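Engineer: The sequence and its predicted three-dimensional model are supplied below.
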Amino acid sequence: MPRRWPRDLKWFALFLGAWAVALTGRIVLRDVAVYSPLQLEAVLFGMKFDAYSAHMVLALRAMTMFTIALGIAAERRWGLLIAFGYLLEVVMSNLIFMMTYMNDVGEGSNVRSAGIVGILAVLGLLYLWIRARDLLVIDTLGS
């Protein structure tokens, strides 16, 4: 009988699914209901995107998170591997962004928020590694 995955990984998948819905809502509501003089911004691979390209980056992030949530909820190994890759990209992207814009006074608040997001992504990466390490090693050795 295959080993059941930990219940907290299911909660992690539920959280990622809700976050994907929130990102999608942010994209849609930003265009439809909310008027803001501030542009929508997103960071991918350390590069900052504005306006329409930020919409595409956020849509890509939402699709990735939803894919991870489906993979983990279905107890598939690829869901964990995509989650590791995604969180590693978030950590590296925020680190590159912080190093690039550290001396720009106008980007100070964005650099601080990137630092907080980077720390949270590292914590998420550590949590996922601690909880999923046995599942990945056993699945790999058992195949």
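Structural biologist: Arrived safely. Numbers count the residues shown, from 1 in each chain.

Engineer: Which of the helices or strands spans residue 16?
Structural biologist: Using DSSP states H and E, the element containing residue 16 is helix 7-32.

Engineer: Show me what that helix is packed against.
Structural biologist: helix 51-73, helix 108-142 (3 or more Cβ pairs under 8 Å, 6 or more residues apart in numbering; DSSP states H and E). (Glycine included, C-beta is placed from N, CA and C.)

Engineer: For stretch 15-27, which residues meet the burial criterion?
Structural biologist: Going by neighbour count (16 or more other Cβ atoms under 10 Å), the buried part of stretch 15-27 is 16-17, 19-20, 23-24, 27.

Engineer: Pick the one among the residues you listed closest to residue 111.
Structural biologist: Distances from these to residue 111 were compared by Cβ to Cβ; the smallest belongs to residue 23, at 21.4 Å.

Engineer: gap between the closest one and residue 16?
Structural biologist: Distance, residue 23 to residue 16, by Cβ to Cβ, to the nearest Å: 10 Å.
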